[in-house]
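Q: Using only what follows, build the 3D model:
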Amino acid sequence: METKSNEIELVKNQVSSTIKIVTLNTEGITHEESMIFPNNEANCMNWVLGHLIYIRNPLLNILGEESVWDSEKFSCYNRGEIAWDRKDELINFEDLKAYLQQSQGKLEAKLDTLEHFKTENINDISTLCLHEIYHAGQLGYLRRILGKPGAIK
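A: Coordinates of the predicted model:
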């Protein structure tokens, strides 16, 4: 039996841990709650989750997989966008969760087929994993700001 390279196992662990954290932190949050902007300034939970998915698509692409959505159609979730100015374009929170699960399925399936990463992609893959961890943590704080109990015990 051939074993996968360490970096693939590491990334598989990162993305499976991230999905657990994101799922716990978004559990029980309504669409209306997901649209609350703390201090009418900080990004709302809806944008943070959508942004995580938006940036997960390049990770899928680097690995040779298709995106789960059209980046142009969902450009309101792109880095640097002012979520408050584009709040009318943000989609239903349950739909975002479904896109997240779809991206997770594609990511896990693709990682299961790979034996190693292309050397030139290692830094990007590492940075994209860090990006997910960063925003997963933000979702935890946003959950608390919404008055919900912490989800990570």
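Q: Show me where the chain has its helices.
A: For the chain, the helices defined by DSSP state H occupy 6-26, 31-34, 45-62, 93-113, 122-145.
Q: so how far is the third one off the chain centroid?
A: Pointing back at helix 45-62 there. 5 Å (Cα atoms, centre = their mean, to the nearest Å).
Q: Might you list the low-confidence residue ranges for the protein?
A: Scanning the chain with the threshold set as pLDDT under 70 gives 1-4.
Q: how close does the residue lying closest to residue 106 once chain neighbours are set aside get to residue 137?
A: Excluding its sequence neighbours, the residue lying closest to residue 106 (Cβ to Cβ, 6 or more residues apart in numbering) is residue 65, at 5.3 Å. For the C-beta atoms, the positions are set from N, CA and C on the backbone; glycine is no exception. Using Cβ to Cβ, to the nearest Å, one obtains 25 Å as the distance from residue 65 to residue 137.
Q: re the thing from before, the residue nearest to residue 106 touches residue 112, doesn't it?
A: No: between residue 65 and residue 112 there is no contact under Cβ atoms under 8 Å: 11.6 Å.
Q: Just want the most central residue of the protein.
A: Centre of the chain computed as the mean C-alpha position; nearest residue by Cα atoms, centre = their mean is residue 52, 3.1 Å away.
Q: related to what we said a few turns ago, comparing the helices of the chain, which comes out most buried?
A: Most buried of the helices of the chain, by mean neighbour count (mean count of other Cβ atoms under 10 Å): helix 45-62, with a mean of 22.
Q: Just list what it packs against, helices and strands only.
A: Using 3 or more Cβ pairs under 8 Å, 6 or more residues apart in numbering; DSSP states H and E as the contact test, the elements touching helix 45-62 are helix 6-26, helix 31-34, helix 93-113, helix 122-145.
Q: Thanks again, I'm all set now.
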